[in-house]
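Colleague: Make a model of this:
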Amino acid sequence: MSDSAKWYVIHTYSGYEKNVARTIMRVVENRNLHDLVFDVIVPTETVSEKKDDKIKEHERNVLPGYVLVKMILTDDSWYVVRNVRGVTGFVGPGSKPVPLSDKEFNKLLEAFGSAEDKAKQSKFEVDFKIGDSVRVSGGQLDGFVGIVKSINLEEQTAEVIVSMFGRETPATIGIMQIQKIDD
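Modeller: Residues are numbered from 1 along each chain as shown. This next block holds a predicted model:
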């Protein structure tokens with residue numbers, strides 16, 4: 001019976017995605033609607049953020065304001081999902097939900113990957129930006145002050161222009177060795 005189930009996109013209030021997903025699954029459990037609603041996904045990614053020399057990981061919604069639901073569209077399943085607190089409607093013209101095609105869903109899977117893939121592909125955020133004054137801590141340039149010229153999050157490095165021997169010199173430094181200087 002799950003052969004006729006399709007993936008639908010639900011629009012929610014931003015910040016309510018996880019609550020909406022939990023509530024849908026709770027209602028499915030309470031009303032025994034497992035034969036109509038099969039899965040609920042909130043696409044997220046793990047982001048590492050460096051602040052004050054500490055790395056903190058947190059999850060960030062990839063599609064803020066949207067939740068994916070695999071279900072068989074009936075009046076009951078539509079009503080249950082549509083009336084969950086925080087849901088503003090289904091994506092589609094008017095009030096008619098339009099399912100994702102297999103091609104669209106597969107593209108989403110490629111873009112966001114499975115939960116296991118997401119755990120492997122952690123992104124990194126920093127508390128400084130291009131043009132900020134930073135201090136290098138550790139390594140051969142320990143204590144030097146410079147200006148961030150570029151940031152490469154994939155390699156977790158930044159190019160910093162430091163003053164050495166009276167000349168502006170570019171240096172590639174690991175992100176973990178850079179601290180923003182507060183103005």
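Colleague: Give the bridge partners for residue 168, please.
Modeller: According to DSSP bridges, the residues that bridge with residue 168 are residue 163.
Colleague: For it, give me the pLDDT.
Modeller: Note for residue 168: predicted pLDDT of 88.
Colleague: now the one 5 residues further on
Modeller: The predicted local confidence for residue 173 comes out at a pLDDT of 84.
Colleague: which strand residues sit across from it in the sheet?
Modeller: With DSSP bridges as the criterion, residue 173 is bridged to residue 158.
Colleague: Isn't residue 71 up against residue 82?
Modeller: No: contact between residue 71 and residue 82 fails when scored by C-beta atoms under 8 Å: they sit 11.5 Å apart. In this view, the C-beta of every residue, glycine as well, is placed from N, C-alpha and C.
Colleague: Those two - which one has more neighbours?
Modeller: Between residue 71 and residue 82, residue 71 has the larger neighbour count (other C-beta atoms under 10 Å), namely 26 against 14.
Colleague: From the contact counts, what lies against the helix ranked longest in the chain?
Modeller: Selection of the longest helix in the chain by residue count, based on DSSP state H, yields helix 17-30. The helices and strands touching helix 17-30, judged by 3 or more C-beta pairs under 8 Å, 6 or more residues apart in numbering; DSSP states H and E, are strand 37-41, strand 66-71, helix 75-82.
Colleague: List the buried residues of whatever helix or strand comes next after the longest one.
Modeller: Okay, so that is helix 75-82. Using DSSP states H and E, the helix or strand that follows helix 75-82 in sequence is strand 87-90. Under the neighbour-count criterion of 16 or more other C-beta atoms under 10 Å, strand 87-90 has 87, 90 buried.
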